[in-house]
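Peer 1: Build me a structure from this.
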Amino acid sequence: MKTRIKDICIPVMLLLFTLTASHKVMATNVSGTIVNGNWTSNNSPYVVVGNINIAGLTIYPGVTVSFATNYAFEVDGVLTANGTPNAPIVFKGTNGGWQGIFFNYSSPGSVLANCIISNSVNSGVSILSSTPLITGCVIANNSAPANGGGIQVSNLSGGDIILQNCTISNNMVGGPFDGSLSGDVKNGGGVFAQLSGGTLKMIGCHVVGNVVNKAWANFGYFQGGGIFVNGGAVLSFCVVNNNQCYSEHYCGYAVASASGGGLYSDSGTTVLNNCIISGNNLFADQGTCPAYVYGGGVYAYEGSLSMTNCIVGSNTATSTTSEHGGGIYISSQLGNASIVNCTIAYNNIEGLGSDLNTAQTMNSIFYFNNANGTQIIGTTNVTYCDVQNGVAGTGNINHNPIFLSTSDLIIVPGSPCINAGNTNAIYNNVYFPPSLGVGGNDIGANGGPGAGGLLSITLWPPIEVFFYGGVPGYSYLFQATTNLSSSWQTVESFQITNMGDIADFLEPSTNTLPQRFYKLNLSP
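Peer 2: Residues are numbered from 1 along each chain as shown. Next up, the predicted model:
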């Protein structure tokens with residue numbers, strides 16, 4: 001009898017233990033004003049059951065913040081949300097969306113690092129006269145009625161906005177037909193930035209698959225499928241890919257216009273270095289009435305535009321009546337424009353359309369645009385360029401550049417573009433790879449002194465090292481040492497699959513060394 005009682009008690013005790021363990025992971029409901037708060041993974045998930053106002057809050061790695069319904073998350077003080085690559089912080093709605101993270105004249109010092117922000121219905125992140133640092137974040141599948149489906153910035157009091165190593169994808173602006181017959185204006189499917197005195201600085205970001213006016217439901221002016229910026233902007237080693245703008249309506253009402261499938265620069269100084277603008281689309285249709293598209297990849301309206309070592313490829317600008325600039329369109333309102341050591345190829349109409357007679361284009365490739373037809377339209381000073389079918393200007397050539405592929409638009413050994421650029425020594429190649437010619441300038445995106453890659457290191461634990469600007473066909477090495485005078489140890493070897501890919505190395509959490517130095521090398 002005792003044996004039978006003992007046999008029965010064992011499974012009962014195990015069952016009780018199991019039930020107790022399952023109750024340890026419980027949701028923590030939050031709402032109202034948060035003062036000097038600390039949200040930890042032990043108490044995660046945090047379920048937002050009312051509007052949140054942040055005076056001071058630290059969120060630790062691995063925390064999930066779920067919004068029970070359409071609540072706001074407003075930051076007036078300081079928010080420190082430092083996730084890690086292996087334990088990101090997740091913000092998401094669970095029942096019809098939420099209002100996104102709103103920095104409203106917030107105190108300096110806020111950080112969003114390694115966060116995943118999704119399915120907001122009023123921009124994933126909104127910034128009003130604030131300067132949070134946003135790094136390593138995924139901002140995806142959010143929407144907004146008018147501007148900035150992923151990120152909306154209105155920095156009226158100045159200050160730079162820094163986005164580093166972020167993926168901004170599949171966000172949208174616009175919705176069902178709003179009943180207006182006078183036309184609408186919607187901007188920035190991925191990013192909308194209106195700045196006064198400050199600059200939008202993006203490095204190593206991927207802006208992919210964002211849409212303005214997705215349902216084609218409204219008509220009017222739709223701009224910046226990926227990015228819309230009014231004010232200063234510097235983009236380095238960014239990929240702006242597969243973003244879209246649509247405009248469609250009936251004759252007799254407002255104009256149908258779509259501009260800047262990848263990037264729309266409305267004013268200010270816009271600088272693009274080592275960026276890839278590819279696969280973006282514009283479409284405008286209103287039957288037999290005028291419908292306009294400008295700049296399948298890039299549209300520059302006012303201010304200035306500087307592009308160096310960029311690739312603009314396979315963008316489309318399609319309209320029933322009026323099409324301008326499949327790759328790039330430069331408005332006559334622009335103060336000045338410079339395109340140096342860029343590759344513009346495989347866009348559906350001309351690679352460059354320009355109404356600015358002072359625009360300068362040098363050491364660049366214009367090939368396979370417009371079904372092998374017209375490459376450049378408008379008044380542009382073109383020198384030392386490889387232009388299909390030829391163009392007047394000093395040093396210009398007309399030879400197949402010989403790309404690696406239609407998707408990776410880099411020249412290969414044997415290309416006539418090697419050492420064919422401007423002979424002034426200030427344009428000479430410096431980094432090999434990606435450049436191929438010694439003692440001269442390679443025409444195209446991989447030539448000249450700005451064609452090298454870049455290492456970037458995050459400074460919070462765990463340390464992560466990023467490499468931008470690699471090219472396919474080479475084996476690279478991340479190397480590290482604890483003392484610059486000692487030997488370098490290879491910590492990771494890798495190859496770049498496609499242009500624009502970013503490589504990274506994450507230091508093991510077990511590393512207790514006081515310091516490390518890093519460098520990039522080629523495999524012998």
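Peer 1: count of residues packed around Thr497?
Peer 2: 11 (other C-beta atoms under 10 Å). Where you see a C-beta, it was placed from the backbone N, CA and C, and this is true even at glycine.
Peer 1: residues in contact with it?
Peer 2: Thr497 sits next to Pro472 when contact means C-beta atoms under 8 Å, 6 or more residues apart in numbering.
Peer 1: helix or strand for it, which one?
Peer 2: Taking DSSP states H and E as the definition, Thr497 sits outside all helices and strands.
Peer 1: and it, how far is that from Gly390?
Peer 2: Going from Thr497 to Gly390 by C-beta to C-beta, to the nearest Å gives 35 Å.
Peer 1: Same question for Glu323.
Peer 2: Taken as C-beta to C-beta, the span from Glu323 to Gly390 is 23 Å.
Peer 1: how about the nearest residue to Asn170, chain neighbours excluded?
Peer 2: Spatially, and ignoring its direct neighbours in sequence, Asn170 is nearest to Gly209 (4.6 Å; C-beta to C-beta, 6 or more residues apart in numbering).
Peer 1: nope, Trp488 is what I was after
Peer 2: Closest to Trp488 by C-beta to C-beta, 6+ apart is Gln479, at 4.2 Å.
Peer 1: thinking the one you found is in contact with Lys519, fair?
Peer 2: Yes - between Gln479 and Lys519 there is a contact under C-beta atoms under 8 Å: 5.3 Å.
Peer 1: which neighbours do those two share?
Peer 2: Here Gln479 and Lys519 have Trp488 as joint contacts, going by C-beta under 8 Å, 6+ apart.
Peer 1: For the chain, which residues score under the pLDDT cut-off?
Peer 2: 1-25, 175-183, 214-219, 249-254, 287-288, 459-461 (pLDDT under 70).
Peer 1: One more pass at 50, please.
Peer 2: Low-confidence segments of the chain, defined by pLDDT under 50, span residues 1-24, 181-182, 216.
Peer 1: can you map out the helices along it?
Peer 2: Using DSSP state H, the helices of the chain run over 2-22.
Peer 1: What residue spans form the domains of it?
Peer 2: Per automatic domain parsing, the domain ranges recorded for the chain read 27-99, 454-522.
Peer 1: With respect to Gly260, which of the ones you listed lies nearest?
Peer 2: domain 454-522 (19.2 Å; C-beta to C-beta).
Peer 1: Now do the end-to-end distance for that closest one.
Peer 2: 14 Å (C-alpha to C-alpha, to the nearest Å).
Peer 1: quick one, which of the domains of the chain is nearest to Phe237?
Peer 2: domain 454-522 (3.6 Å).
Peer 1: Tell me if I'm right that Val391 and Gly378 touch.
Peer 2: No - look at Val391 against Gly378 with C-beta under 8 Å: they stay out of range, at 11.6 Å.
Peer 1: Show me which of Gln479 and Lys519 is the more surrounded one.
Peer 2: Gln479 (18 against 13).
Peer 1: Identify the bridge partners of that one.
Peer 2: Using DSSP bridges, the bridge partners assigned to Gln479 are Thr490, Lys519.
Peer 1: Same question for Gly220.
Peer 2: Going by DSSP bridges, Gly220 is paired in beta bridges with Asp184.
Peer 1: gap between it and Cys245?
Peer 2: Plainly put, Gly220 is 11 Å away from Cys245 if you go by C-beta to C-beta.
Peer 1: between the two, which one's more packed in?
Peer 2: Neighbour tally, Gly220 and Cys245, criterion other C-beta under 10 Å: the higher count belongs to Cys245, 38 against 20.
Peer 1: mind listing what that one touches?
Peer 2: By C-beta under 8 Å, 6+ apart, the residues touching Cys245 are 189, 211-213, 222-225, 258-261, 281-283.
Peer 1: residues near Thr358, how many?
Peer 2: By the criterion of other C-beta under 10 Å, Thr358 has 14 neighbours.
Peer 1: And stretch 351-360, what's buried?
Peer 2: 351-356, 359 (16 or more other C-beta atoms under 10 Å).
Peer 1: swap in stretch 147-160?
Peer 2: Buried residues in stretch 147-160 (16+ other C-beta under 10 Å): 147-155, 159.
Peer 1: Filter these down to the ones in strands?
Peer 2: Among these, the members falling in strands (DSSP state E) are 151-155.
Peer 1: The closest residue to Tyr367 other than its chain neighbours: neighbour count?
Peer 2: Distances taken as C-beta to C-beta, 6+ apart put Gln388 closest to Tyr367, at 4.6 Å, once the chain neighbours are dropped. Applying other C-beta under 10 Å, we find 22 residues neighbouring Gln388.
Peer 1: Now do the contacts for Gln388.
Peer 2: Taking C-beta under 8 Å, 6+ apart, one finds 366-369, 372, 375, 398 in contact with Gln388.
Peer 1: State the distance from the closest residue in space to Trp39 that isn't next to it in sequence to Gly351.
Peer 2: In space, and not counting its chain neighbours, Trp39 is closest to Ile59: 4.6 Å by C-beta to C-beta, 6+ apart. Ile59 is 46 Å from Gly351, where distance means C-beta to C-beta.
Peer 1: Who has more neighbours out of Glu323 and Gly390?
Peer 2: Between Glu323 and Gly390, Glu323 has the larger neighbour count (other C-beta under 10 Å), namely 23 against 11.
Peer 1: what's the distance between that one and Thr374?
Peer 2: Taking C-beta to C-beta, one finds Glu323 at 12 Å from Thr374.
Peer 1: Over to Phe366?
Peer 2: Taken as C-beta to C-beta, the span from Phe366 to Thr374 is 10 Å.
Peer 1: The two - which one has more neighbours?
Peer 2: Phe366 (31 against 16).
Peer 1: wait, doesn't that one sit right on Ala345?
Peer 2: Yes - at 7.4 Å, Phe366 and Ala345 qualify as touching, with contact defined as C-beta under 8 Å.
Peer 1: where do the contact lists of those two overlap?
Peer 2: Common neighbours of Phe366 and Ala345 (C-beta under 8 Å, 6+ apart) are Gly351.
Peer 1: Strands along the stretch 351-500 of the chain, start to end?
Peer 2: 352-362, 365-367, 376-383, 386-387, 454-457, 464-468, 475-481, 489-495 (DSSP state E, counting those that start in this stretch).
Peer 1: Alpha carbons only: can I get stretch 326-344 in PDB?
Peer 2: Output in PDB follows, covering the C-alpha atoms of stretch 326-344 (Å, rounded to 0.1, in the frame of the first residue of the first chain):
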ATOM      1  CA  GLY A 326      14.300  56.800 -65.000                       C
ATOM      2  CA  GLY A 327      17.400  56.900 -62.800                       C
ATOM      3  CA  ILE A 328      17.800  60.500 -61.700                       C
ATOM      4  CA  TYR A 329      15.800  63.700 -62.400                       C
ATOM      5  CA  ILE A 330      17.300  67.200 -61.600                       C
ATOM      6  CA  SER A 331      14.900  70.100 -61.500                       C
ATOM      7  CA  SER A 332      15.700  73.600 -62.800                       C
ATOM      8  CA  GLN A 333      15.000  74.900 -59.300                       C
ATOM      9  CA  LEU A 334      18.100  73.200 -57.900                       C
ATOM     10  CA  GLY A 335      21.000  75.400 -57.000                       C
ATOM     11  CA  ASN A 336      23.700  73.000 -58.100                       C
ATOM     12  CA  ALA A 337      24.200  69.300 -58.800                       C
ATOM     13  CA  SER A 338      27.300  67.100 -59.000                       C
ATOM     14  CA  ILE A 339      27.500  63.500 -60.000                       C
ATOM     15  CA  VAL A 340      31.000  62.000 -59.800                       C
ATOM     16  CA  ASN A 341      32.100  58.400 -60.200                       C
ATOM     17  CA  CYS A 342      28.600  57.000 -60.300                       C
ATOM     18  CA  THR A 343      27.100  54.200 -62.300                       C
ATOM     19  CA  ILE A 344      23.600  54.800 -63.800                       C
END
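Peer 1: Pull the distance from it to the chain's centre.
Peer 2: 20 Å (C-alpha atoms, centre = their mean, to the nearest Å).
Peer 1: try stretch 373-384
Peer 2: That offset, for stretch 373-384, works out to 28 Å (C-alpha atoms, centre = their mean).
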